[in-house]
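J.: below are the sequence and a predicted model for it; my questions follow.
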Amino acid sequence: MPKIEVDEGRCKACELCIVACPHKVIGLAKHFSPSGFHPACMANAEACTGCMLCAFVCPDVAIEVYK
Amino acid sequence: MEKKVFARTKGLTETPMRYCPGCGHGVIHRLVGETLEELDIRERTIGIAPVGCSVFADEYFNCDMIQPAHGRGPAVATGMKRVRPDCIIFSYQGDGDLASIGMAETIHSAARGENITIIFVNNAIYGMTGGQMAPTTLPGMRSTTSPFGRDPKVAGNPIRVCELLSSLKGPVYLERVAVNTPGNVVKAKKAIKKAFQVQVDGLGFSLVEIISQCPTDWAMTPLQSIGRVKDEMIPYYPLGVFKSLEEKK
């Protein structure tokens, strides 16, 4: 199943991946990352198609995509 | 078993980038890093970091880097390319660096047609020093030195660098792109790759202007800032190819 992995040490919760995702897969986690942000996470994992659009717009290169 | 289809490029180091959340520099760094990796030129590339937010670019790009005086990137690139023609030289510059203090170096290196690549990040503001008005700040746009919006009667009109350089004979490839949407990021990648390819082929001067966002100094959220890129920046700075001579040669 396609999925993304977010490097929580890099993510700064800018939310650009959330609006880039055409299937509304990504949300912000409730917990804090080491740098004090709510990191991006897969809120709706089943909908992911592995299209990589989130990784294209991530300014911190925090997202890796598996398909 | 899933296969990794998108991984961090080897053109970047493992150091986490210290840019503000939503800043366009990170995406542009990635595109340059991927280009270095894909063209297999990373080992013989020398990058030039600007003065500005990306002054620490030497920590992020996984290639040799140098950090010259403010705005002097193209002049330093000229010297390095002439001494080491086997190396690939790129100068990464912001709008305050390239279009203000470094305008002379930019225009003359373009006019001479030096075989270098310039990555010009235009976010219409001086980011590192706290959001002052830049030569590319839009009319009516607020900054810390134009708190009531830029008044063209006092501060003049913004400079469109690609249009300016396209009147010269020297440049081979000039394109303006943006990084506000996934589609534009893909186009920006193509443009950056082409600009490096022009240099690898020894054709001459190439410059890619990238419209970027600065959420912190625009006093916006990252999402509002990509909206401003679409609604205000791109109408004033139209995207597209301004000069492309490499097809004729």
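T.: Received it, and whenever you're ready, just let me know what you need. These figures come from a predicted structure and were not determined experimentally.

J.: kindly report the residues of chain A close to chain B.
T.: Residues of chain A lying close to chain B (Cβ under 8 Å from any Cβ of the partner chain) are A:1-3, A:9-10, A:12-16, A:19-20, A:37, A:50, A:52-53, A:55-61, A:63-67. C-beta here means a position set from N, CA and C on the backbone, and glycine is covered the same way.

J.: would you show me how to pick out the buried ones of the residues you listed in PyMOL?
T.: Of these, the buried ones go into a single PyMOL selection, burial set by 16 or more other Cβ atoms under 10 Å in any protein chain shown:
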select buried, chain A and resi 2+10+12+13+14+15+16+19+20+37+50+52+53+55+56+57+58+59+60+61+63+64+65+66+67
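
J.: strands along the chain, start to end?
T.: Went with chain A since none was named. A:3-6, A:26-28, A:40-42, A:63-66 (DSSP state E).

J.: chain B was what I was after
T.: Listed in chain order, the strands of chain B (DSSP E) span B:4-6, B:45-48, B:64-66, B:88-94, B:117-122, B:125-126, B:132-133, B:173-178, B:206-211, B:240-244.

J.: what does the fourth one contact?
T.: Surrounding strand B:88-94, the residues in contact under the criterion Cβ atoms under 8 Å, 6 or more residues apart in numbering or on different chains are B:32, B:41, B:44-50, B:52-54, B:57, B:71, B:73-74, B:76-77, B:80-81, B:102, B:116-123, B:127, B:196, B:199-200.

J.: hang on, the earlier thing: could I get the strands of chain B as JSON lines with mean pLDDT?
T.: Output for the strands of chain B, formatted as JSON lines (pLDDT from 0 to 100):
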{"stretch": "strand B:4-6", "mean pLDDT": "93"}
{"stretch": "strand B:45-48", "mean pLDDT": "97"}
{"stretch": "strand B:64-66", "mean pLDDT": "96"}
{"stretch": "strand B:88-94", "mean pLDDT": "96"}
{"stretch": "strand B:117-122", "mean pLDDT": "97"}
{"stretch": "strand B:125-126", "mean pLDDT": "95"}
{"stretch": "strand B:132-133", "mean pLDDT": "95"}
{"stretch": "strand B:173-178", "mean pLDDT": "97"}
{"stretch": "strand B:206-211", "mean pLDDT": "97"}
{"stretch": "strand B:240-244", "mean pLDDT": "94"}
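
J.: any chance of a markdown table for those, columns mean neighbour count?
T.: Conversion of the strands of chain B to a markdown table gives the following (neighbours: other Cβ atoms under 10 Å in any protein chain shown):
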| stretch | mean neighbour count |
| --- | --- |
| strand B:4-6 | 15 |
| strand B:45-48 | 23 |
| strand B:64-66 | 16 |
| strand B:88-94 | 28 |
| strand B:117-122 | 28 |
| strand B:125-126 | 26 |
| strand B:132-133 | 19 |
| strand B:173-178 | 24 |
| strand B:206-211 | 28 |
| strand B:240-244 | 16 |
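
J.: residue numbers of chain B in contact with chain A?
T.: Counting by Cβ under 8 Å from any Cβ, chain B sits next to chain A at B:2-9, B:12, B:16-17, B:19-27, B:29-30, B:179, B:181-182, B:185-186, B:215, B:221-223, B:226.
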